[in-house]
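Novice: A predicted structure for the sequence below; I have some questions about it.
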Amino acid sequence: MKIAIVGGVAGGASTAARLRRMDEHAEISLFEKGAHISYANCGLPYYVGDVITDRNRLLVQTAEAFRQRFNVAVNTESEVTAIHRDKKTISVRNLRNQHDYEVRYDKLVLATGAAPIRLPVPGIDSAGIFTLRNVQDTDKIKNYINEHAPKKAVVIGAGFIGLEMAENLHHLGLAVTIIETGKQVLPPVDYAFAAFVQQDLRAKGVQLMLNSTVSGFEVNDKHLRVQLQDKGAIEADIVVSSVGVRPDTKLAADAGLALGKRGGILVNEYLQTSDPSIYALGDSIEFPHPLTQSVQPTYLAGPANKQGRICADNIVFGNKRTYQGSINTAIVKIFELTVATAGLSRKNLEAAGMAYESAIVHAGSHAGYYPGASLMMIQITFSPKDGLLYGAQIVGKEGVDKRIDVLSAVISRGGSIYDLAAFEQAYAPPYSSAKDPVNMIGFVAENILQQKVFFADWEKLNEPASFDIIVDVRSAQEYAVGHVACAIHIPLDDLRSRLSELPKNKTIFLYCQQGLRGYLAQRILLQNGFNKVANLAGGYRLYEICEAEKKLLPVVEQE
């Protein structure tokens, strides 16, 4: 069997290696437009920032090593320019000598990935403006920094790659400004989690320009001027544009393969395209989300590698293995913080029109009495009917990765909040607590479904019609440091003796620092005849951060 693979990074290289392990006699040819295959795409920002200093460590496999180990005909700097489905051939151009030739296939695999979106504005081609997709892009950025010693950097786009680039440019000593069209960084996560990141970025000296749109670039006295729509301009010595990617589907579209509404290649559960002889995988495809069934692209290396195994097995053994889709589990390091997400956020669920409940806890990365513990904030979303887990988000310094992996596994397997409450983890003081944060968020969600606790979001504190009385149940010292305007101060330990000060026919909004004392206060009131009691989700800690960030947005945009 002759198998041709277009694209040699995560999905393409994984498919080729699995094909060879399953079939020693297949004729496998891999075509990669760039000069490298199987490189660590996700490590590129860290090479720019000198966190990874050895460039060769980015190259998981060289073309020659891959060729020798797997007996695959690896063709780098070779662009596939056309698919001839009637003849089962592809046209290939050798980019080194511009020689064109054709290759026959029995099965074809498209792993063309995604391409960075280029801003359609004047001056985008000016020297010093870069996008980051591959090793060659990284080399260009590194060389420019080494030759020109820039002092000011602008990163356009505050997604995962944009923030990683901002951190690494800051690591090199550059003054960094991030420009983002939306009202928050990290658009995939809910606002509360982005607010934590924004505060940390500002504390590190990174300037944030949210709700800002780039309208063009000018070169002025060897400096770049980044023009902002209705907001003047800022100077930069280097610009990295990271405004998103789109599936690279030109080859598939020109061949008449079916594309989806989101612009990706449509595939079935076996990763076959509309042509049964052609498979596709990775960033270039779109596939139904397991929870919403809405079709979407997934721009993640993990799913692409797993799809490679499935695709290879289906080619060799017939269509027996199915792809179940991705819940988009992702994680990013931003200075000392880690942010992770899996499944559906609140805004995802609202956009999909799905009813949901959510729960938030602040919990320690490990036992508080063991040195080095730090707080993380966890939010889950779940079905109000049966507790089916929809999504999870975490922000913190330590232990975020292992908790999101547990939550992702429960979501992927159709688990519920009750699985979180019952989850058995390895416990020792340096690693966890007897009741792990995963258990704690499950307990809170159980209480919500059993109507033992009633939460209200931080925004409600700015809606006077939502409540009659605000009660701060923290200590006197905490209250003195900062509190919600108009809040009555009744410390939790004094609440039972001061119940007469609260009217039972009024709506009472309770809050503490993180939520636990507010919950205890709520249970006291509910069992003493107070029926209209809400607890602030996430506590004053979350409210204070979100309010501070909200006030930094341009007034016009808030209106």
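Specialist: Looks like it arrived, so ask away. None of the values given here were measured: they were computed from a predicted structure.
Novice: ends of stretch 253-273, how far apart?
Specialist: This stretch, stretch 253-273, spans 11 Å end to end (CA to CA, to the nearest Å).
Novice: Do I have it right that Arg321 meets Gln307?
Specialist: No. At 10.2 Å, Arg321 does not count as touching Gln307 under the criterion of CB atoms under 8 Å. In this view, the C-beta of every residue, glycine as well, is placed from N, C-alpha and C.
Novice: who has more neighbours, those two?
Specialist: Higher neighbour count among Arg321 and Gln307: Gln307, with 26 against 15, using other CB atoms under 10 Å.
Novice: quick one: Ile3 is in a helix?
Specialist: No. Counting by DSSP: H, G, I helix; E, B strand; the rest coil, Ile3 falls outside a helix, being strand.
Novice: neighbours around it, how many?
Specialist: Using other CB under 10 Å, Ile3 has 24 neighbouring residues.
Novice: That one pairs with what?
Specialist: Ile3 has these beta-bridge partners by DSSP bridges: Ile28, Lys107.
Novice: And the pLDDT for it?
Specialist: Looking at Ile3, its pLDDT is 98.
Novice: Could you double-check that it lies in contact with Ile90?
Specialist: No. At 11.6 Å, Ile3 does not count as touching Ile90 under the criterion of CB under 8 Å.
Novice: which neighbours do those two share?
Specialist: Tyr105, Leu108 (CB atoms under 8 Å, 6 or more residues apart in numbering).
Novice: who touches the lengthiest helix in the chain?
Specialist: Criterion DSSP state H: the longest helix present in the chain is helix 301-317. Here helix 301-317 makes contact (CB under 8 Å, 6+ apart) with 1, 3, 10-19, 22-23, 26, 41-42, 107, 109, 111, 270-272, 279, 281-283, 285, 320-323, 326, 329.
Novice: Return the subset of these lying in strands.
Specialist: Ile3, Lys107, Val109, Tyr279, Ile285 (DSSP state E).
Novice: Who wins on neighbours among these?
Specialist: Neighbour max across those (other CB under 10 Å) = Ile285, 31 neighbours.
Novice: right, and that one touches Arg262 too?
Specialist: No. Ile285 lies out of contact with Arg262 (CB under 8 Å); the separation is 9.9 Å.
Novice: Report the set of residues contacting both of the two.
Specialist: Counting by CB under 8 Å, 6+ apart, the common neighbours of Ile285 and Arg262 are Pro247, Pro297.
Novice: Tell me, how many residues neighbour Asp386?
Specialist: As a burial measure, Asp386 scores 10 neighbours (other CB under 10 Å).
Novice: would it count as being in a strand?
Specialist: No. Remark: Asp386 does not belong to a strand; assigned using three-state DSSP, it is coil.
Novice: and it, what does it touch?
Specialist: Counting by CB under 8 Å, 6+ apart, Asp386 has contacts Ser416.
Novice: From Ala392, how far off is it?
Specialist: As judged by CB to CB, to the nearest Å, Asp386 and Ala392 stand 17 Å apart.
Novice: Ok, Gly539 next?
Specialist: According to CB to CB, Gly539 stands 19 Å off from Ala392.
Novice: Counting neighbours around each, name which of these two comes out higher.
Specialist: The neighbour comparison of Gly539 against Ala392 (other CB under 10 Å) goes to Ala392, with 28 against 25.
Novice: separation between the spatially closest residue to the more buried one that is not a sequence neighbour and Gly159?
Specialist: What sits nearest to Ala392 in space, not counting adjacent residues and going by CB to CB, 6 or more residues apart in numbering, is Leu407, at 3.9 Å. From Leu407 across to Gly159, the span is 21 Å (CB to CB).
Novice: neighbour-wise, which of the two wins?
Specialist: Neighbour count, other CB under 10 Å: between Leu407 and Gly159, Leu407 has more, with 31 against 20.
Novice: how about low-confidence regions in the protein?
Specialist: Residue ranges of the chain with pLDDT under 70: 554-559.
Novice: and if we set it to 80?
Specialist: Filtered on pLDDT under 80, the chain yields the residue ranges 39, 41, 221-222, 230-231, 464-466, 553-559.
Novice: which residue is nearest the centroid of it?
Specialist: Nearest to the mean C-alpha position of the chain, by CA atoms, centre = their mean, lies Ala330 at 4.7 Å.
Novice: would Thr381 count as being in a strand?
Specialist: Yes. Thr381: assigned to a strand according to three-state DSSP.
Novice: Mind listing the residues bridging to it?
Specialist: For Thr381, the beta-bridge partners are Ser358, Gly391 (DSSP bridges).
Novice: give the contact list for it.
Specialist: Counting by CB under 8 Å, 6+ apart, Thr381 has contacts Gly343, Leu344, Ser345, Arg346, Leu349, Tyr356, Glu357, Ser358, Leu389, Tyr390, Gly391, Ala392.
Novice: which residues touch the first one?
Specialist: Yep, that's Gly343 we're talking about. Neighbour list for Gly343: Leu291, Ile327, Asn328, Thr329, Thr381, Leu389, Tyr390, Gly391, Ala392, Leu407, Ser408, Ile411 [criterion: CB under 8 Å, 6+ apart].
Novice: which among those residues gets closest to Pro297?
Specialist: Proximity of the contacts of Gly343 to Pro297 (CB to CB) peaks at Asn328, which lies at 9.9 Å.
Novice: how close does that closest one sit to Met377?
Specialist: 20 Å.
Novice: try Ser408
Specialist: 17 Å.
Novice: just Gly8 next, same as before
Specialist: 40 Å.
Novice: next one: Gly43
Specialist: 28 Å.
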